[in-house]
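>>> Provide a 3D model corresponding to the input given below.
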Amino acid sequence: VAGYLPSIAMYCPVVIPTRVGDLKGNTMLVQYEKATKYLTKLNLPHCIHQVCATCCIEDVFYGLEYENDQTYYIKQLNPEYCRISSVEYGCYNFQFDLTFFDKSASNEVDTTLLEQYDLFIKGFFTKAYNAYKKTSDSKLRWVEIPAQNSICIKWHEELDYTFPPYASIYPDIADIEDYKALSKTSEEQNNYKIIGFKIPRFNNTANDYRPDNFALKMSTANLFYQMTRDSIAESVGIFYTPMDFESISFSNSQTSSRNKVAEATEQLFDGLGFSQLLFNSDNATTLKLSIKIDEGQLFKFYRQIEQWVNRKMIYNFKGNWRCQLIDATVFSKEELIDQYLKLATYGVPVVPFLCAVVGMNQVDIQALNYIQNDILQISSTFLPLMSSNVQTGTEDEGGRPEEKNTDSDSTIVNKNNDTNEAK
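Modelled structure (predicted):
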């Protein structure tokens, strides 16, 4: 269930200029290429999937960024050692607990771990940890992670505390497991039977009354018991009895009993707000509207990612460019493609949005367009095969065929009279 929203998300970023009047000509082109290459390096479809999956489980994602000229990587931090501290450009900043670097068995520093974390921010954690240990000041225990090197996304922005999105359904999940166990036990009992062997007794008279006056020896009864035991399944029990007994069965004969597992599963999805049709039903009467509601939750997450990327754009490009994430999911992809194609026919500049939805970033658009038109020259070299679909049958331009015999009597008379037939 927690993987549902991350699995339908599509991260389709588009770079848009914010100061068109201030950037002109080659300056605009140079900065555009830098901005699009930077956004491509971030590789949002890969990196943000991890962020979304964590937020759907824990509510908050804390991460350190590693970045060089060629690559970009986000390392997830243990949320038990992190706390949100401030907001900058609409994005959360957080602090990190330096006791994370203490060895579990002693209070000594784990130098190997410090060296690993210093790869993300050179010398930052070693310097902060040494200052904390030198003074033993509790205020230095928590260190603010630089905004340029961190990412913090919270699913429930409206709450001041951490609340996992699906925490309310934990009891329902436990109920489903309990009902499954009960259902399994019930099915096993339905297959269980008991057979009773009544041992006959002699008829006692009043003068010669003897209790337990069996007509069979116990050895004879055991012989037949063992023969029966060897020929039936282990789920069938056998016992001796000198008394009359009724048939014993453990099956539930009530046809009106409800499937408790199905009922508990239905209550689970009611608590989630997801349609159960998404997972195990062919009935799609209300499925479309349910998906729209689910997408709305995901689009709020998109807005946070936009804020975070735009903050990086401010740091790197002075706010001349911004990033927009298209409100797209795997369910709405085809609909968006049709929408952008219709808008493009009216001259609306939506080609970057259309390409983003189909999986092409803006660097790919330039590269593939250059390859297609300038290198391969597809428009001039890729000629269609000659067929009746691409050529006309004759060179006739239409109209009445010309008269071949211009010296006939009728033709001469028409020319002299300047009639239409002579034209």
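
>>> got the buried residues for the longest helix seen in the chain?
Determined from DSSP state H, the single longest helix within the chain is helix 287-317. By neighbour count with 16 or more other CB atoms under 10 Å, helix 287-317 contains the buried residues 287, 290-291, 294-295, 298, 301-302, 304-314, 317. For the C-beta atoms, the positions are set from N, CA and C on the backbone; glycine is no exception.

>>> Could you pull out the buried residues of stretch 136-154?
By 16+ other CB under 10 Å, the buried positions in stretch 136-154 come out as Trp142, Val143, Ile145, Ala147, Ser150, Ile151, Cys152, Ile153, Lys154.

>>> mind listing the strands for the protein?
Applying DSSP state E to the chain gives strands spanning 13-17, 60-67, 72-76, 82-88, 91-97, 142-144, 150-154, 193-198, 236-241, 248-249, 321-325.

>>> Next, format those strands as TSV and append distance to Asp364.
Formatted as TSV, those follow (distance: least, CB to CB, whole Å):
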stretch	distance to Asp364
strand 13-17	12
strand 60-67	21
strand 72-76	17
strand 82-88	32
strand 91-97	28
strand 142-144	38
strand 150-154	25
strand 193-198	69
strand 236-241	69
strand 248-249	69
strand 321-325	16
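
>>> Among these, show me which one is buried the most.
Each of those was scored by mean neighbour count; the highest is strand 150-154, a mean of 23, by mean count of other CB atoms under 10 Å.

>>> the inter-axis angle of that one versus strand 91-97?
Here the directions of strand 150-154 and strand 91-97 differ by 110 degrees (axes from the mean of the first three to the mean of the last three CA atoms, to 10 degrees).

>>> between strand 150-154 and strand 60-67, how big is the angle?
160 degrees.

>>> List the neighbouring strands of strand 150-154 plus their orientation.
If you go by DSSP bridges, strand 150-154 pairs up with strand 60-67 (antiparallel).

>>> What mean pLDDT does the strand it pairs with get?
Mean pLDDT, strand 60-67: 95.

>>> Look up phi and psi at Glu157.
The phi/psi pair for Glu157 (degrees, to the nearest 10) reads phi -70, psi -30.

>>> how near is it to Glu58?
According to CB to CB, to the nearest Å, Glu157 and Glu58 sit 15 Å apart.

>>> which one of the two has more residues nearby?
Glu58 (18 against 12; other CB atoms under 10 Å).

>>> Assess the claim that that one and Tyr166 are in contact.
No - Glu58 lies out of contact with Tyr166 (CB atoms under 8 Å); the separation is 10.4 Å.

>>> then stretch 364-372 to PDB, C-alphas only?
Extracted in PDB, the C-alpha atoms of stretch 364-372 (Å, rounded to 0.1, in the frame of the first residue of the first chain):
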ATOM      1  CA  ASP A 364      17.700  15.500 -25.200                       C
ATOM      2  CA  ILE A 365      15.400  17.700 -27.300                       C
ATOM      3  CA  GLN A 366      18.300  19.800 -28.500                       C
ATOM      4  CA  ALA A 367      20.600  16.800 -29.000                       C
ATOM      5  CA  LEU A 368      18.100  14.700 -30.900                       C
ATOM      6  CA  ASN A 369      16.800  17.600 -32.900                       C
ATOM      7  CA  TYR A 370      20.400  18.300 -34.100                       C
ATOM      8  CA  ILE A 371      21.000  14.700 -34.900                       C
ATOM      9  CA  GLN A 372      17.700  14.300 -36.800                       C
END
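
>>> what does that stretch rub up against?
Glu33, Thr36, Val351, Pro352, Cys355, Met360, Ile378 (CB atoms under 8 Å, 6 or more residues apart in numbering).
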